[in-house]
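Engineer: no sequence on this one, just coordinates:
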């Protein structure tokens, strides 16, 4: 029997890695952070009060590297036609610490692109399908992209993940896990069209 499968509306997840030099430096910053600067999200999940980690002078190089990955994701993978006077900025970035359990499912509705840089080989980032309503829900013989409602990426030091901000995600871990999270927003002239000019 001949047939073909078209993958309608796939959800892109950009996966790359960065040099040990950079993730080691960020992990050291997280480990040595003043305990008073960790804010509680849940009983097992903390985030640093400084939400501009990548703007600090000592993180200038990793900031530049992440921005290059963002541009590759937006321009080469998503194929957006970006006007000349538009650029992508990391508007906030913060260290996270999750000890045992998982964060809640969430999206970042105020951003365009979200990202995580893994600083440990512990736990995983879990993503949930944007729509997973099924009229009939049989047991699955073999997990695959067509029937799975979630997708896990194991944490590995230096792994960089980028995704569109409306994709639900959470962290799951059974041990202390550090990471860097960040949000990306377009800035400048988003459109050059006369009838729909927009600058941010």
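Structural biologist: Perfect, I can see it now. Just so you know, these numbers come straight off a predicted model, no measurement behind them.
Engineer: pretty sure residue 12 is in contact with residue 161, am I right?
Structural biologist: No - counting by Cβ atoms under 8 Å, residue 12 does not reach residue 161; the two are 11.0 Å apart. C-betas here are computed from N, CA, C, even on glycine.
Engineer: of the two, who's got more company?
Structural biologist: Taking neighbours as other Cβ atoms under 10 Å, residue 12 and residue 161 compare with residue 161 leading, 21 against 11.
Engineer: next one: phi and psi at the more buried one?
Structural biologist: When read as degrees, to the nearest 10, the backbone of residue 161 gives phi -120, psi 140.
Engineer: do the one 5 residues further on as well
Structural biologist: Main-chain dihedrals, residue 166, degrees, to the nearest 10: phi -90, psi 0.
Engineer: for it, what are its contacts?
Structural biologist: With contact set as Cβ atoms under 8 Å, 6 or more residues apart in numbering, residue 166 has these partners: 107, 109, 130.
Engineer: mind checking pLDDT for it?
Structural biologist: For residue 166, the pLDDT comes out at 94.
Engineer: surely residue 118 meets residue 158?
Structural biologist: Yes - with contacts counted by Cβ under 8 Å, residue 118 reaches residue 158, the gap being 6.8 Å.
Engineer: who has more neighbours, those two?
Structural biologist: residue 118 (27 against 18).
Engineer: quick one: contacts for that one?
Structural biologist: 23, 125, 155-161, 179.
Engineer: what pLDDT does residue 74 get?
Structural biologist: pLDDT, residue 74: 96.
Engineer: circling back to that earlier point, most neighbours among the contacts of residue 118, which one?
Structural biologist: residue 179 (26 neighbours).
Engineer: which phi and psi does that residue have?
Structural biologist: Torsion angles, degrees, to the nearest 10, at residue 179: phi -160, psi 170.
Engineer: in the sheet, who's paired with it?
Structural biologist: On the basis of DSSP bridges, residue 179 is bridged to residue 96, residue 118.
Engineer: pLDDT score for it?
Structural biologist: 96.
Engineer: same question for residue 41.
Structural biologist: 80.
Engineer: burial of it, as a residue count?
Structural biologist: Around residue 41 there are 15 residues (other Cβ under 10 Å).
Engineer: can I take it that residue 169 is in a strand?
Structural biologist: Yes - Residue 169 forms part of a strand when assessed by DSSP: H, G, I helix; E, B strand; the rest coil.
Engineer: neighbours around it, how many?
Structural biologist: Residue 169 has 22 nearby residues by other Cβ under 10 Å.
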